[in-house]
Structures are given as C-alpha cells and as structure tokens.
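K.L.:
Okay, predicted coordinates and the sequence, questions at the end:
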Amino acid sequence: MYIVLSARALNPRLYILARAGRPESIRRLELAGATRTISPYRMAGHLMAELAVRPALVDVLDTLHHGESEIAVEEMLVSAGMAAVGKTIEETGLLDASAAKLLALRRRDGTLYVNSSPELRLEVGDLLIALGSEAQLLKSASLLK
C-alpha cells in the first residue's frame, strides 16, 4: 500500500498494477491509487470456473496469449500525430485482408466497440485489439502510423 501511495505521489499518470494478498485489500489499493489490482486467489478461482465450463476456449486463449501459435492478439494504441487519427477504420485500411482482424476498439472513456462499423473514426487514445499473424499485426500497426 505504501509503495502504491508513493508511486502515485511521484507520478499521477503512472500505470500502477498492485497485487492484493487478501480480498479486502483490493479496495484499499485502489483508493491508494493503484490503476489495476489483481488477486491471485480470485484469478485462480475464475480460471478454474472457466476451465470447468469452457476448457477448449481457455486452451486457445492461453495459446494465443503465450505466443505458442503462429497467430497472436495484440493491442495497438492510436497516438497523437498518427496518420490514422480522424480517419475511419475503412479509410485506414485496417479492414484489408492483409491486415490483422480487428476484434475491438476501446475509447479513452471506456466505451467498447466490438465488430466496429467501418465508418467509425479513430481518435487519439483509442486502443485497438487485433488478431493475426506477425505479418498481419505489423501491417495493421504500419497502417496507423
């Protein structure tokens, strides 16, 4: 908790990930300034429940997450000064077959778009989640610049 408080005081914009040893610590760490708080016990419980209900899905996501496949899921941030700012998804070329599959777009305010409309305009701070091969992901990243 003291580390979170100190880090937040030193840099108000810092992304702080904190580990909660006990469930009751989660709220305290968030109040202290943690951006995200994780609980290993809660995470393990969620994973066990998912494995019981959807084992194949968990296996596929785990493979994608740990790079054990020729395809991966990546985040791409739309930053100020990029050519894609103000353009629609279609205008950027992100829907091209050689680009990665755009899974979702999350705005700065947290609004989430899944299967986004081709007419959706990209804004600074948008976070794109894409699925594809390394070449497709690189192509998508280059389209944003």
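P.N.:
Sure, I can see it.
K.L.:
what's the weakest-modelled helix or strand in this protein?
P.N.:
Ranking every helix and strand in the chain by mean pLDDT, DSSP states H and E puts helix 55-65 at the bottom, with a mean of 87.
K.L.:
now the helices for the chain?
P.N.:
For the chain, applying DSSP state H gives helices covering 2-10, 25-32, 40-53, 55-65, 89-92, 134-144.
K.L.:
quick one: which of these is nearest R19?
P.N.:
helix 40-53 (6.9 Å; Cβ to Cβ). For the C-beta atoms, the positions are set from N, CA and C on the backbone; glycine is no exception.
K.L.:
Report the buried residues of that closest one.
P.N.:
Neighbour counts over helix 40-53 (16 or more other Cβ atoms under 10 Å) mark no residue as buried.
K.L.:
and for it, what are the contacting residues?
P.N.:
19, 23, 57-58 (Cβ atoms under 8 Å, 6 or more residues apart in numbering).
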